[in-house]
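Enquirer: Just need the structure, nothing else, for what follows:
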Amino acid sequence: MLDLVLRNGWPIDPERLTMQPGSVGVKEGRIAAIYGIGAKLPEAERTVDLGGLAVSPGFIDVHAHLDGHMESGRRALLQGITTSFGGNCGLSPIDMEAFFNSQAEGFCVNQAEFVGHSFSLREEVGLKDAYRAATPAEIRQMEALARRAMEAGAWGVSFGLDYCPGCAFQGVEALGKLAAKMGGICPIHTRLFTMYDMYSISEAALLALNAGVQVQVSHLVYQYPLVHLLDEAFEMLEFAQDRGAHIACDSGMYTHFAAPLGSATFDLDNMEICDWKFDELLVSTGPHKGEWMTESLYRKLRREAPGTEIVCFSGEDDAIAHAFTRDYVMPSTDAGNYEPGQGHPQAAASFPLFFRVLVREKRQMDWPEAVRRATLLPAETMGLKRKGRLSPGADADFVVFDPKTIDGRADFAGLGTPDAPPAGIHSVWIGGSQAVEGTKIVNDRLGRILKR
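Expert: Numbers count the residues shown, from 1 in each chain. Coordinates of the predicted model:
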């Protein structure tokens, strides 16, 4: 007898790129079998009739900042994410063993973690000045800390080079070589000296080539929010790939990016270089949530609340879909740690928006390819052998959704509700157990820690 049968659905297989009517059987947290239409189904402890809805592997978010924060974890789960990679952009726990132990009772989704360089490791060795390069001794200290984190199960070293403009490539390369030696990955929030420079991509490519490490360029459309910039970035990435670089990308569904106001990103000199105006900045957290920036508010928050998240409205809408014109680009959320009713809508809406825009509206890809981008591609990129697949033996992480109605409903503070749950999600399952029914979470402790 099986534990669960999801019957009368349309299983989407990202390996075979098929979408056919059938049913899915589950035993002991794994997929037992996929049954075609008309097949005799075995008995099960629980049978759920899907009424013709699509069923896919659980979505995998390779770039987020959940890091054990329940509110953001719930937003991820409600949009169909069952596995999330945290510790990105150079910001992470340092003591990985302690962090993993703190998650022993379970979390909303499965969590994998990177150890972060540009905030966390630098600050741990006493580097508080974002404009100062690390000394050789400080680099050795960071290497030791990163090695300890990876030995505890971290998946690699993440970089947020935009946030530490003074860090030298020497230290980045040293940590990249360490990650490569230990079989890890290096996600990189690229370093932008201006909104239009391409040095940032060449630095990511150099890291992959010189250190021999697998590199993941983070939130591509945030870094290059214009169509012509994306074309230049793709040209440089593919030049490096042709020369043996292991480099891939993820991208979001917004060009309007979020960052802490106190970070180097929003230093006045950088804002001038990038031609960002105060009235293009929206406060998304804290008491001033939903207010547009003024010079006086900028100075007050930089002084009193530098951790306040700011959304910078920039870029071209057409760049969002253009970022997915390459088959190695996967969706991500860049979700942060938010209080209820606050934050960027990406944390609640990104994956449903991906399907609505790229498949239903623009018809840029079909359903199997879109599901592959959200499941199998990140699983293969990150080395998750039992995730992102709809085949016997794979983990029974599923999203059941309506292709006709799936959509993100969250919006920016002051314009809508940042944490509004998506439409079109019927249910979410982790390890064969139900986590979500409609817009309600029924179990937020099914997620486990995934160690490298």
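
Enquirer: Tell me where the stretch 101-250 of the chain has strands.
Expert: For the stretch 101-250 of the chain, the strands defined by DSSP state E, counting those that start in this stretch cover 110-113, 115-116, 157-160, 185-189, 214-217, 247-251.

Enquirer: Looking at these, which is nearest to E437?
Expert: When the strands of the stretch 101-250 of the chain are compared by Cβ to Cβ, strand 110-113 sits nearest E437, at 19.2 Å. Just so you know, the C-beta spots here come from the backbone N, C-alpha and C atoms, and that holds for glycine as well.

Enquirer: helices or strands next to that closest one in the packing?
Expert: strand 81-86, helix 96-102 (3 or more Cβ pairs under 8 Å, 6 or more residues apart in numbering; DSSP states H and E).

Enquirer: Does A349 touch I81 like I think?
Expert: No - contact criterion Cβ atoms under 8 Å: A349 and I81 do not qualify, at 11.5 Å.

Enquirer: List the buried residues of stretch 431-450.
Expert: Going by neighbour count (16 or more other Cβ atoms under 10 Å), the buried part of stretch 431-450 is 431-436, 441, 443-444, 446-450.

Enquirer: do stretch 298-308 as well
Expert: Residues 298, 301, 305, 308 are the ones in stretch 298-308 that count as buried (16+ other Cβ under 10 Å).

Enquirer: ok, how many other residues are close to the closest residue to the third one other than its chain neighbours?
Expert: Excluding its sequence neighbours, the residue lying closest to A305 (Cβ to Cβ, 6 or more residues apart in numbering) is G286, at 5.9 Å. The number of residues packed around G286, counting by other Cβ atoms under 10 Å, is 16.

Enquirer: residues in contact with G286?
Expert: Residues near G286 by Cβ atoms under 8 Å, 6 or more residues apart in numbering: 301, 305, 308-309, 342.

Enquirer: Which two of the buried residues of stretch 298-308 have the greatest separation?
Expert: Y298 and A305 (11.2 Å).

Enquirer: name the element the residue nearest to R16 when sequence neighbours are not counted belongs to?
Expert: The spatially closest residue to R16, leaving aside those adjacent along the chain, is P368, at 8.0 Å (Cβ to Cβ, 6+ apart). Applying DSSP states H and E as the criterion places P368 in helix 367-374.

Enquirer: need the helices for the stretch 201-350 of the chain, in chain order.
Expert: Taking DSSP state H, counting those that start in this stretch, the helices of the stretch 201-350 of the chain run over residues 220-223, 227-242, 268-274, 295-304, 318-322, 346-355.

Enquirer: quick one: which of the buried residues of stretch 298-308 is nearest G36?
Expert: Taking Cβ to Cβ as the measure, G36 sits nearest to T308 out of the buried residues of stretch 298-308, at 53.5 Å.

Enquirer: surely the closest one meets A258?
Expert: No - in this structure, T308 is not within contact of A258 by Cβ under 8 Å, at 10.5 Å.

Enquirer: Number of residues surrounding D318?
Expert: Neighbour tally, D318, other Cβ under 10 Å: 12.

Enquirer: mind checking pLDDT for the closest residue to it other than its chain neighbours?
Expert: Nearest in space to D318, with sequence neighbours left out and distances taken as Cβ to Cβ, 6+ apart, is V227 at 5.6 Å. pLDDT for V227: 97.

Enquirer: I figured V227 hits D317, correct?
Expert: No - taking contacts as Cβ under 8 Å, V227 lies outside contact range of D317: 10.0 Å.

Enquirer: So these two - more neighbours on which side?
Expert: The neighbour count for V227 versus D317, taken as other Cβ under 10 Å, is higher for V227 (17 against 12).

Enquirer: how close does the more buried one sit to A370?
Expert: Separation of V227 from A370 (Cβ to Cβ, to the nearest Å) stands at 21 Å.

Enquirer: Local confidence estimate at the residue nearest in space to the middle of the chain?
Expert: Geometric centre of the chain, nearest residue: H63, 2.3 Å, by Cα atoms, centre = their mean. pLDDT recorded at H63 is 98.

Enquirer: Excluding sequence neighbours, find me the nearest residue to it.
Expert: Excluding the flanking residues, the one nearest H63 by Cβ to Cβ, 6+ apart is S332, at 3.7 Å.

Enquirer: wait, isn't that neighbour in contact with S350?
Expert: Yes - at 7.2 Å, S332 counts as touching S350 under the criterion of Cβ under 8 Å.

Enquirer: Which neighbours do those two have in common?
Expert: Common neighbours of S332 and S350 (Cβ under 8 Å, 6+ apart) are 61, 252.

Enquirer: thinking again about what came up before, so how far is D250 from the residue nearest to D318?
Expert: V227 is 18 Å from D250, by Cβ to Cβ.

Enquirer: swap in D13?
Expert: 22 Å.

Enquirer: Compare neighbour counts for the two and give me the winner.
Expert: For D13 versus D250, the count of surrounding residues by other Cβ under 10 Å is larger for D250: 28 against 21.

Enquirer: Please name the residues that touch the more buried one.
Expert: 62-63, 216-220, 329-332, 378.

Enquirer: Just the buried residues of the residues you listed.
Expert: Buried members of the contacts of D250, scored by 16+ other Cβ under 10 Å, are 62-63, 216-220, 329-332, 378.

Enquirer: Now distance to F398 too, for these, in CSV please.
Expert: Shown next, in CSV, are the buried ones among the contacts of D250 (distance: Cβ to Cβ, whole Å):
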residue, distance to F398
V62, 19
H63, 22
Q216, 25
V217, 29
S218, 27
H219, 26
L220, 28
V329, 24
M330, 19
P331, 18
S332, 20
P378, 16
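
Enquirer: which one among those residues gets closest to F401?
Expert: P331 (14.4 Å).

Enquirer: Beta-bridge partners for L2, please?
Expert: For L2, the beta-bridge partners under DSSP bridges are A44.

Enquirer: Quick one: residues contacting it.
Expert: Applying Cβ under 8 Å, 6+ apart to L2 gives the contacts 25-27, 32, 42-45.
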